[in-house]
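[1] Test case, fold it:
(one chain, ligands or ions: 2)
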Amino acid sequence: MTFLKSVAVSPKPWAKLGEHPFDVAAIAAIVGSEAPLRFASGMTIFVGDNGSGKSTLLEALAVNLGMNAEGGTRGMQFATRDDTTSALHHHLRVSRSHHTPQDAFFLRAESFFNVATAIEDYRSEEFYGGRSLHERSHGESFIDLVVHRFARRGLYLLDEPEAALSVHGQLQLIVRLHDLVAEGCQFVMATHSPLLMAFPGATIYQFGAAGPRPTTWADIDTVHITTDFLDDPAGFLDELLTDD
Ligand SMILES: Nc1ncnc2c1ncn2[C@@H]1O[C@H](COP(=O)(O)OP(=O)(O)OP(=O)(O)O)[C@@H](O)[C@H]1O
Ligand SMILES: [Mg+2]
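    Ligands and ions are numbered 1, 2, ... in the order given. This is a model prediction of the structure:
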């Protein structure tokens with residue numbers, strides 16, 4: 001099921017187009033574009049180099065939908081850093097379906113610790129397997145959250161969920177997310193993990209100078225480089241480390 005159908009960057013007259021975030025190439029490329037980014041399936045994946053704008057768009061979507069910019073649910077309002085949220089959320093045109101998500105959560109790896117603290121403050125550990133998330137390892141607490149908290153017909157925005165996870169943990173995550181998509185959840189996820197990028201049936205956008213462009217797993221640079229590396233790690237590194 002999809003709750004979000006598409007998003008477009010449609011700046012208000014007062015937008016400062018020369019400044020961040022409109023100076024990020026992938027965002028600049030779609031400013032005012034008639035063709036919105038379509039969330040065509042239950043899993044949409046953003047891929048691209050560091051600094052290509054994935055988190056900027058994901059965070060703007062989260063804030064536009066009323067979620068906390070640092071992560072968490074719609075009801076969870078906390079701030080632990082100076083406000084670095086970009087203005088982009090004011091300038092998004094988000095198209096939604098007539099379905100309403102029963103739950104919504106924005107999860108960013110870099111502030112997961114703070115989300116875990118907020119969850120304790122809200123005394124809602126019962127939703128997370130009954131234990132404080134701080135008494136679990138980073139990866140364990142992340143898996144607890146996804147297993148115990150995420151539920152059917154929810155809308156979830158995930159920024160680099162692989163950050164805490166072993167390869168085995170990432171495979172566990174794929175199984176859980178696959179079940180949740182089958183139960184009517186929708187995910188939008190930024191990732192650098194070639195494993196997560198292989199999610200069956202995902203709609204994938206590559207962020208780059210041409211904007212977020214639809215792509216497939218087999219065409220992603222990260223996948224090619226990882227495959228070449230794993231085919232011959234010694235040879236790959238030998239070439240990389242040899243001065244010309
Ligand atoms: N508050 C800010 N002010 C100015 N520039 C910013 C701000 N936040 C991010 N940027 C810049 O915007 C660009 C996009 O950043 P963003 O965090 O969206 O990248 P990303 O694709 O998520 O990268 P990564 O894969 O490293 O997480 C980067 O060049 C970054 O330096
Ligand atoms: Mg990012």
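[2] what's the span of stretch 18-25 from first residue to last?
    Stretch 18-25 has an end-to-end distance of 11 Å (criterion: Cα to Cα, to the nearest Å).
[3] Now do the contacts for residue 55.
    Going by Cβ atoms under 8 Å, 6 or more residues apart in numbering, residue 55 touches 108, 159, 190. All C-beta atoms are positioned from the backbone trio N, CA, C, and that covers glycine.
[4] ok, the last one - contacts?
    Same thing as residue 190. So residue 190 contacts 45-47, 54-55, 58, 158-160 (Cβ under 8 Å, 6+ apart).
[5] Low-confidence ranges, the chain, go.
    Applying pLDDT under 70 to the chain flags the ranges 69-84, 110-134, 244.
[6] can you rerun that using 80?
    The chain contains residues with pLDDT under 80 at 1, 68-85, 109-135, 243-244.
[7] Contact residues of it facing ligand 1?
    20, 24, 48, 50-56, 84, 86, 190, 207 (Cβ under 6 Å from any ligand atom).
[8] mind running it again at 5 Å?
    Applying Cβ under 5 Å from any ligand atom, we find that the chain lies next to ligand 1 at 20, 24, 50-56, 84.
[9] among those residues, who's most crowded?
    When neighbours are taken as other Cβ atoms under 10 Å, the top entry among the residues of the chain next to ligand 1 is residue 53 (27 neighbours).
[10] roughly how far out does the helix ranked longest in the chain sit from the chain middle?
    Counting residues, the longest helix found in the chain (DSSP state H) is helix 167-182. Centre-to-centre, helix 167-182 and its host chain are 15 Å apart (Cα atoms, centre = their mean, to the nearest Å).
[11] which helices and strands does it pack with?
    Here helix 167-182 touches helix 138-144, strand 186-190, helix 194-197, going by 3 or more Cβ pairs under 8 Å, 6 or more residues apart in numbering; DSSP states H and E.
[12] Out of those, which is closest to residue 39?
    Set against residue 39 and scored by Cβ to Cβ, the helices and strands packed on helix 167-182 come closest in strand 186-190, at 6.6 Å.
[13] what is the orientation angle of that closest one with helix 167-182?
    150 degrees (axes from the mean of the first three to the mean of the last three Cα atoms, to 10 degrees).
[14] Span of stretch 178-187 from start to end?
    End-to-end distance of stretch 178-187 (Cα to Cα): 10 Å.
[15] now swap in stretch 158-176 and tell me
    Using Cα to Cα, one end of stretch 158-176 lies 14 Å from the other.
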